[in-house]
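S.K.: dropping the sequence and predicted coords here.
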Amino acid sequence: SQTIHQWPATLVQPVGSPLSLECTVEGTSNPNLYWYRQAAGRGLQLLFYSVGIGQISSEVPQNLSASRPQDRQFILSSKKLLLSDSGFYLCAWSVRSVQRTGELFFGEGSRLTVL
Amino acid sequence: AQKVTQAQTEISVVEKEDVTLDCVYETRDTTYYLFWYKQPPSGELVFLIRRNSFDEQNEISGRYSWNFQKSTSSFNFTITASQVVDSAVYFCALSRDRGSTLGRLYFGRGTQLTVWP
């Protein structure tokens, strides 16, 4: 069966410090990968998506970047965190199938607090 | 632009009551998908349903049912005989990626449902 893990689960970082959130999918190959952010009281916002190794698309301009060094690994990074980067970050994957478009499988989330 | 509105921020019901979660969407596309996801306290979202814009048939799955009406751009979700385990945040979402393997979802702000025993 397929599983998705992301870590760390909780992170408290000072403003200006770097960030690295990691996500790994197991039990499938060539998935589409996504990073979403859920700010308090708001819905989920798509930040990045990837259809293959090294292929990253950004949905919104921001202080963050993403990388996909391996087929089932997706990393969210920042060189210098801002207060506005605080939130709940969710990694997700989907099967590359037209019949299952939009059926995303989410990780447990990483709660980032920037102080 | 795509927009999903869930006007109900919070709903509280007592167990066994029926509850309907509203979802209104905006899109200029003629083909799209609509979704409902559940986010329990553990945090990870769980896929519940996908609806094709060409298919307005209502769907029922156990205690869950969905009412899709293109005329009012609504995709409402009803839980019959609610249970405490239904307590969660429910998100409605829209995707333009019909015909694509990519699933970029545009989410509403969610409705926090609390079911009291």
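M.R.: Received the coordinates, thanks.
S.K.: quick one: residue A:107 from residue B:85, how far?
M.R.: According to CB to CB, to the nearest Å, residue A:107 and residue B:85 sit 22 Å apart. Every residue, glycine included, has its C-beta placed from N, CA and C.
S.K.: what about the two, which has more around it?
M.R.: Legend: neighbour count by other CB atoms under 10 Å in any protein chain shown for residue A:107 and residue B:85, higher for residue A:107 (26 against 9).
S.K.: not counting sequence-adjacent ones, nearest residue to that one?
M.R.: residue A:6 (3.9 Å; CB to CB, 6 or more residues apart in numbering or on different chains).
S.K.: residue 105 bridge partners, please.
M.R.: I went with chain A, as the question did not name one. Residue A:105 has these beta-bridge partners by DSSP bridges: residue A:93.
S.K.: other chain: chain B
M.R.: According to DSSP bridges, residue B:95 are recorded as the beta-bridge partners of residue B:105.
S.K.: check the gap between the residue of chain A most remote from its centre and residue B:36 for me.
M.R.: Distance from the C-alpha centroid of chain A peaks at residue A:99, with 23.5 Å (CA atoms, centre = their mean). Taking CB to CB as the criterion, residue A:99 is separated from residue B:36 by 18 Å.
S.K.: same thing with residue A:113?
M.R.: Here the criterion is CB to CB. By it, residue A:113 lies 29 Å from residue B:36.
S.K.: quick revisit: so how far is chain B from the residue farthest from the centre of chain A?
M.R.: Computed with CB to the nearest CB, to the nearest Å, the distance linking residue A:99 and chain B is 9 Å.
S.K.: A helix includes that residue, no?
M.R.: Yes - under DSSP: H, G, I helix; E, B strand; the rest coil, residue A:99 falls within a helix.
S.K.: near chain A, anything from the helix or strand of chain B with the lowest mean pLDDT?
M.R.: Lowest by mean pLDDT, DSSP states H and E among the helices and strands of chain B is strand B:59-61, with a mean of 89. No - judged by CB under 8 Å from any CB of the partner chain, strand B:59-61 stays clear of chain A, getting no closer than 14.6 Å.
S.K.: in the following helix or strand past that strand, what counts as buried?
M.R.: Counting by DSSP states H and E, the element after strand B:59-61 in chain order, helix or strand, is strand B:64-69. Of all the residues in strand B:64-69, those buried under the rule 16 or more other CB atoms under 10 Å in any protein chain shown are B:64, B:65, B:66, B:67, B:68.
S.K.: kindly export strand B:64-69 (C-alpha atoms) in PDB.
M.R.: Taking Å, rounded to 0.1, in the frame of the first residue of the first chain, the C-alpha atoms of strand B:64-69 are listed here in PDB:
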ATOM      1  CA  TYR B  64     -23.100  10.800   3.100                       C
ATOM      2  CA  SER B  65     -24.800  12.400   0.200                       C
ATOM      3  CA  TRP B  66     -23.900  15.100  -2.200                       C
ATOM      4  CA  ASN B  67     -26.200  17.500  -4.100                       C
ATOM      5  CA  PHE B  68     -24.600  19.100  -7.200                       C
ATOM      6  CA  GLN B  69     -26.600  21.900  -8.900                       C
END
